[in-house]
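Undergrad: need coordinates for the below:
(one chain, ligands or ions: 1)
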Amino acid sequence: MSLCKFAYHGPETLDEVLALLAEHGPAARVMAGGTDLVVKMSRGQVAPAVVIGLKRVPGLGDLRFDPVHGLELGCMTRVSDVLEHPAVAAHYPALAEAAQATATVQIRNMATIAGNLCNASPCADNAPTLIARGASVELRSPRGSRTLPLAELFRGPGQTVLAPDELLLCITVPPPRAATGFAYLSLSQRSAVDVSAVGVAAGLTLADGRVAEARIVLGAVAPTPFVATAAADALRGQRPADEAFPAAGDAPAEACSPLGDVRASAGYRRKMVAVLVRRALERATARALADGRARTARPAEVTP
Ligand SMILES: Cc1cc2nc3c(=O)[nH]c(=O)nc-3n(C[C@H](O)[C@H](O)[C@H](O)COP(=O)(O)OP(=O)(O)OC[C@H]3O[C@@H](n4cnc5c(N)ncnc54)[C@H](O)[C@@H]3O)c2cc1C
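TA: This next block holds a predicted model:
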């Protein structure tokens, strides 16, 4: 592996990171876990003159949860941190499923969730669930800070709306809602070592036994994560046992625009979208029902 020549900076404060980004602009790349960046540098796909490592800046890896504000992931929160955190397991199991689907143990111990998003691969495993859960991202530069819905971060394969002097500082996921469940399922040929050929995040909220709200977001079947709004809206008012669920994957499978590649043909991807959407909705429904039962059984312990 041969890398281009570059200068490495290891700033110790956020202000220093932002000052370096402002000074070097498009010539610089920040490095979180490096699992995408170093691979791309070794292949000559990117050749930054300056690499700004984030690992010495304290606090960037914090993962915080509280029932009122939800979940906050600092930009150095690793995929393994999400996978292992008890609050994620308890309140955001679909995020843990997406983390589990990401690469191998060794990669997950280095890779960050923010890096997964900023790399903007269409098959990034952590993007669909975070979008489905309504996550937002805070982008910080010396010019100030702006917050966007995560879905608006992506512009195309490998492209985001981040300006050259901007850092994705943190990801915020809204608090869990009553009688709501989400699930993430993916398809990959060689399990952990291969990226997903299809990724599906689905979620729903039940009220009086019917779907009050649903979300379906697909990965690896369009240039950016595909939010299947019409298909999710069509589920409103359905009872989970209705015939709507078996066919719920058909509309997103038609609406997405997969490419064929070494991992799967376009046609196979469409077929698997239909299957995985149905299965993810079934799992999300089971979680929403279990949540509803738990809240009825233990009202004193319920978190808002
Ligand atoms: C063998 C292997 C298997 C893999 N399998 C999977 C898989 O199954 N699923 C999957 O989704 N991915 C997979 N990946 C890809 C990769 O591991 C993930 O995308 C990872 O989460 C990237 O995080 P990182 O911290 O290593 O990012 P880095 O490599 O450090 O950064 C990636 C890009 O994002 C930019 N960046 C990073 N952090 C920020 C920030 N805070 N603000 C602005 N820009 C930033 C960097 O400049 C760079 O351009 C795999 C990679 C390898 C090598």
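
Undergrad: what residues does the stretch 151-300 of the chain have near the ligand?
TA: By Cβ under 6 Å from any ligand atom, the residues of the stretch 151-300 of the chain that approach the ligand are L162, L167, L168, V193, V195. Backbone N, C-alpha and C define where each C-beta goes, glycine included.

Undergrad: buried ones among these?
TA: Neighbour-count burial (16 or more other Cβ atoms under 10 Å) applied to those gives L162, L167, L168, V195.

Undergrad: and those, which two are the farthest apart?
TA: L167 and V195 (24.8 Å; Cβ to Cβ).

Undergrad: for the closest residue to the ligand within the stretch 151-300 of the chain, helix, strand, or coil?
TA: Using Cβ to the nearest ligand atom, the closest approach of the stretch 151-300 of the chain to the ligand is made by L168 at 3.7 Å. Secondary structure, DSSP: H, G, I helix; E, B strand; the rest coil: L168 is strand.

Undergrad: thought it was touching I113?
TA: No. If you go by Cβ atoms under 8 Å, L168 and I113 don't touch, sitting 9.7 Å apart.

Undergrad: which stretches of the chain form helices?
TA: Along the chain, counting by DSSP state H, helices occupy 14-24, 37-42, 79-84, 86-91, 93-101, 105-108, 113-118, 127-132, 229-233, 244-247, 250-255, 266-297.

Undergrad: list the contacts of the residue lying closest to the residue of the stretch 151-300 of the chain closest to the ligand once chain neighbours are set aside.
TA: Leaving aside its sequence neighbours, L168 sits nearest to A114 (Cβ to Cβ, 6 or more residues apart in numbering; 4.9 Å). By Cβ atoms under 8 Å, 6 or more residues apart in numbering, A114 lies in contact with A32, L73, G74, C75, M76, T77, L168, C170, I171.

Undergrad: is it true that A87 touches G70?
TA: No. Using Cβ under 8 Å, A87 is not in contact with G70, being 10.0 Å away.

Undergrad: those two: which is more packed in?
TA: Taking neighbours as other Cβ atoms under 10 Å, A87 and G70 compare with G70 leading, 19 against 15.

Undergrad: and the more buried one, what are its bridge partners?
TA: D66 (DSSP bridges).

Undergrad: ok, it to L83 distance?
TA: Distance, G70 to L83, using Cβ to Cβ, to the nearest Å: 18 Å.

Undergrad: do the same with G203
TA: G203 is 19 Å from L83, by Cβ to Cβ.

Undergrad: in the stretch 51-200 of the chain, what residue comes closest to the ligand?
TA: Per Cβ to the nearest ligand atom, G115 is where the stretch 51-200 of the chain lies closest to the ligand, at 2.2 Å.
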